[in-house]
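*Asks:* what follows is a predicted protein model with its sequence.
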Amino acid sequence: MKHLLPLACLTLATSLAQAQSKPNVVYFLVDNLGLGEIGCYDGGITRGAGTPRIDRLAEEGMQLWNFAPETQCTPSRSALMTGRYSIRSGTHTVALAGDGGGLVAWERTMAEVFSDNGYATSCVGKWHIGASDGRWPTDNGFDEWYGPAHSYDEALWVEDPWYDPERDPKSYMYEGVKGGTTKETVQLTREVKRDLDLEYLERSKAFIERSVADDRPFFLYFNYTLMHMPNDPRPEFKGRSGHGDWADCIMQLDADFGRLLDLLEEAGVAENTIVVFSGDNGPEYMEPWRGDAGRFVGSYFTGMEGSLRTPCIIRYPGVVPAHVESNEVVHITDMYTTLINWTGASVPKDRVIDGLDQRAFLEGRQPNSAREGFPYWMGETMYGVKWQNFKVVFVAKESFAAPEKKLATPWVINLDVDPKEEKPYNYPYLHTWTMAHVGRILNEFGTSVEKEPLIPAGAALDHVPGK
């Protein structure tokens, strides 16, 4: 790993940043992205296709190797938008068609904070944290939204021989604007899903251009369709890699992300725009589209490191030093607090916020993350706690299809020497002293729940914790 730049070299950069106008924010969230997919991590040409544009972003900013999402799509998106572990919000399980619930109106999303701070806000792509009036993106701080309400696997419904369109639900794309009605548009099919990212790019281009013309800072939340099944490359990428559809899709991801970066350059705002590229959870599991966790093991819906680590790259010119890699722990909730603070807005103080302010670490003013660890869940079940390079496991689930194993004695795994998690203990060192740190993390969480009760899954829109 490369070392952080000397702290003294960043003093000028920090003072320059403070003199700039409010930075724009682009968060590019990739669906089901494992550490073994893109070049600057453990993939790229070893997966059949290079990723030069994403790799270049890593050269221009900070590349995190220990960025922790939550274990499923809905929980991760909830945690990012609220800065709170999804267990607090009742959004700890992936939302399916027909499910009620989602974010309650009391939650305060990143988009709401940005909007109140004068930002134009746009969401393209999957929302997945509420699919009814009061819970759409445009009810939660976004000026505009286009995307599906739930998951992209619903594009496969129409190909299912047991599916009856006269009897069974249909999955649609939705479009909405703040203060208006969210409406169904085209039905989500495999062909529609294949081409969606072009539509997202066109809408993002128009949004960026309008925001610049209006002289407004903007927040663009771009939820990319890949690498979520079904992974079908567009015709211009089909066969281009020579290594199959998966590698073609990797090429497509890189090219589309590169196009988004070009839009920032063309609009003249790249130097004052924070760009975050990250995954939302571990890699795709389903065949024939199975992804790769790189040097780690596991996919989404597990407690393995492949589920608890996804790529994350942050570029903020003049503020975040370039060409830096780190294995320090950063949680997806930290993005909420850090981005809000970078834009000069205020993090809500009337609720429990799990996200920590990582500005000092990301700016190179301190060598270590503000976070030592975090608890992690599968649904309502706490699976374990991570602390630095250690992991204490209470419930083991080693693959998407494997059963849960509740452990009589917790496993203590040293990820430095056992990244594949093959040995429950690192003999002759049992590392049981780590339980003191794990206990502190658990006690802090327990105290916070006493202060503010968890919102139950399926809570009514007007639910307020403790009332």
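*Replies:* Perfect, I can see it now.

*Asks:* all contacts plus neighbour counts: C-alpha atoms, from now on.
*Replies:* Will do.

*Asks:* which residues of the stretch 51-200 of the chain fall in helices?
*Replies:* All helices of the stretch 51-200 of the chain, identified by DSSP state H, counting those that start in this stretch, fall at 52-60, 73-82, 86-89, 110-116, 190-213.

*Asks:* name the residues that touch the shortest one?
*Replies:* In this case it means helix 86-89. Applying CA atoms under 8 Å, 6 or more residues apart in numbering, the contact partners of helix 86-89 are 75-76, 78-79, 92, 103-104, 107, 377, 379-380, 453-457.

*Asks:* the same query, at a cut-off of 10 Å, please.
*Replies:* 70, 74-80, 82, 92-93, 102-104, 106-107, 333, 352-354, 376-382, 448-449, 452-459, 465 (CA atoms under 10 Å, 6 or more residues apart in numbering).

*Asks:* looking at the helices of the stretch 51-200 of the chain, which is nearest to residue 323?
*Replies:* Among the helices of the stretch 51-200 of the chain, the nearest to residue 323 by CA to CA is helix 52-60 (4.4 Å).

*Asks:* enumerate the positions of that closest one that are buried.
*Replies:* By 16 or more other CA atoms under 10 Å, the buried positions in helix 52-60 come out as 52, 53, 54, 55, 57, 58, 59, 60.

*Asks:* now stretch 267-278
*Replies:* 269, 270, 272, 273, 274, 275, 276, 277, 278.

*Asks:* would CSV of those residues with secondary structure, pLDDT and distance to residue 314 be doable?
*Replies:* Below are the buried residues of stretch 267-278 laid out as CSV (DSSP: H, G, I helix; E, B strand; the rest coil; pLDDT from 0 to 100; distance: CA to CA, whole Å):
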residue, secondary structure, pLDDT, distance to residue 314
269, coil, 98, 16
270, helix, 98, 13
272, helix, 98, 13
273, strand, 98, 11
274, strand, 98, 7
275, strand, 99, 6
276, strand, 99, 5
277, strand, 99, 7
278, strand, 98, 9
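
*Asks:* now those as a markdown table including distance to residue 141?
*Replies:* Below are those laid out as a markdown table (distance: CA to CA, whole Å):
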| residue | distance to residue 141 |
| --- | --- |
| 269 | 23 |
| 270 | 24 |
| 272 | 22 |
| 273 | 20 |
| 274 | 19 |
| 275 | 20 |
| 276 | 19 |
| 277 | 21 |
| 278 | 21 |
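
*Asks:* most widely separated two among the residues you listed?
*Replies:* Applying CA to CA across the buried residues of stretch 267-278, the maximum distance is between 269 and 278, 20.8 Å.

*Asks:* pLDDT weak spots in this protein?
*Replies:* Counting by pLDDT under 70, the ranges of the chain that qualify are 1-20.

*Asks:* who are the neighbours in contact with the residue nearest the centre of it?
*Replies:* Closest residue to the average C-alpha location of the chain: residue 280 at 3.3 Å, with CA atoms, centre = their mean. The contact partners of residue 280, by CA under 10 Å, 6+ apart, come to 28-34, 68-77, 80, 223, 300, 307-312, 332.

*Asks:* looking at the buried residues of helix 52-60, which is nearest residue 247?
*Replies:* Out of the buried residues of helix 52-60, the member with the shortest distance to residue 247 (by CA to CA) is residue 52, at 13.7 Å.

*Asks:* for that closest one, give its distance to residue 198.
*Replies:* Counting by CA to CA, to the nearest Å, the gap from residue 52 to residue 198 is 20 Å.

*Asks:* isn't residue 243 right up against residue 47?
*Replies:* Yes - the pair residue 243 / residue 47 is scored as a contact, 8.2 Å apart, by CA atoms under 10 Å.

*Asks:* tell me the secondary structure for residue 384?
*Replies:* strand (DSSP: H, G, I helix; E, B strand; the rest coil).

*Asks:* residue 286 and residue 229 touch, don't they?
*Replies:* Yes - at 7.5 Å, residue 286 counts as touching residue 229 under the criterion of CA under 10 Å.

*Asks:* which one's more surrounded, those two?
*Replies:* Between residue 286 and residue 229, residue 229 has the larger neighbour count (other CA atoms under 10 Å), namely 25 against 13.

*Asks:* does the more buried one touch residue 245 like I think?
*Replies:* No - contact criterion CA under 10 Å: residue 229 and residue 245 do not qualify, at 11.5 Å.

*Asks:* which neighbours do those two share?
*Replies:* Common neighbours of residue 229 and residue 245 (CA under 10 Å, 6+ apart) are 288, 289.

*Asks:* buried subset of the contacts of helix 86-89?
*Replies:* 70, 74-80, 82, 92-93, 102-104, 107, 333, 352-354, 376-379, 448, 453-459, 465.

*Asks:* among the residues you listed, name the ones in strands.
*Replies:* 376, 377, 378 (DSSP state E).

*Asks:* which of the contacts of residue 280 are buried? Put it as a PyMOL command.
*Replies:* Per 16+ other CA under 10 Å, the buried members of the contacts of residue 280 correspond to this PyMOL selection:
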select buried, resi 28+29+30+31+32+33+34+68+69+70+71+72+73+74+75+76+77+80+223+300+307+308+309+310+311+312+332
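
*Asks:* where exactly do the strands run in the stretch 201-350 of the chain?
*Replies:* Ranges of strands in the stretch 201-350 of the chain, per DSSP state E, counting those that start in this stretch, are 218-224, 273-279, 312-315, 324-326, 330-331.

*Asks:* in CSV: those strands, plus distance to residue 193.
*Replies:* Below are the strands of the stretch 201-350 of the chain laid out as CSV (distance: least, CA to CA, whole Å):
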stretch, distance to residue 193
strand 218-224, 11
strand 273-279, 19
strand 312-315, 24
strand 324-326, 34
strand 330-331, 29
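
*Asks:* for those strands, which one sits closest to residue 124?
*Replies:* Nearest to residue 124 among the strands of the stretch 201-350 of the chain is strand 218-224; the distance by CA to CA comes to 5.2 Å.

*Asks:* I'd like to know which elements that closest one is packed against.
*Replies:* strand 24-30, helix 110-116, strand 120-124, helix 190-213, helix 244-266, strand 273-279 (3 or more CA pairs under 10 Å, 6 or more residues apart in numbering; DSSP states H and E).

*Asks:* any chance of these in TSV, with distance to residue 97 too?
*Replies:* Listed next are the helices and strands packed on strand 218-224 as TSV, based on distance: least, CA to CA, whole Å:
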stretch	distance to residue 97
strand 24-30	21
helix 110-116	24
strand 120-124	19
helix 190-213	17
helix 244-266	26
strand 273-279	23
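
*Asks:* which of these sits most buried?
*Replies:* strand 120-124 (a mean of 26; mean count of other CA atoms under 10 Å).

*Asks:* partners of it in the sheet?
*Replies:* Pairing partners of strand 120-124, with direction, according to DSSP bridges: strand 144-148 (parallel), strand 218-224 (parallel).

*Asks:* quick one: the helices in the stretch 301-450 of the chain?
*Replies:* Using DSSP H, counting those that start in this stretch, helices in the stretch 301-450 of the chain cover 305-308, 332-342, 359-362, 434-451.

*Asks:* of all the ones you listed, which lies closest to residue 23?
*Replies:* Of all these, helix 332-342 comes closest under CA to CA, at 7.7 Å.

*Asks:* run the angle between the closest one and helix 73-82 for me.
*Replies:* 20 degrees (axes from the mean of the first three to the mean of the last three CA atoms, to 10 degrees).
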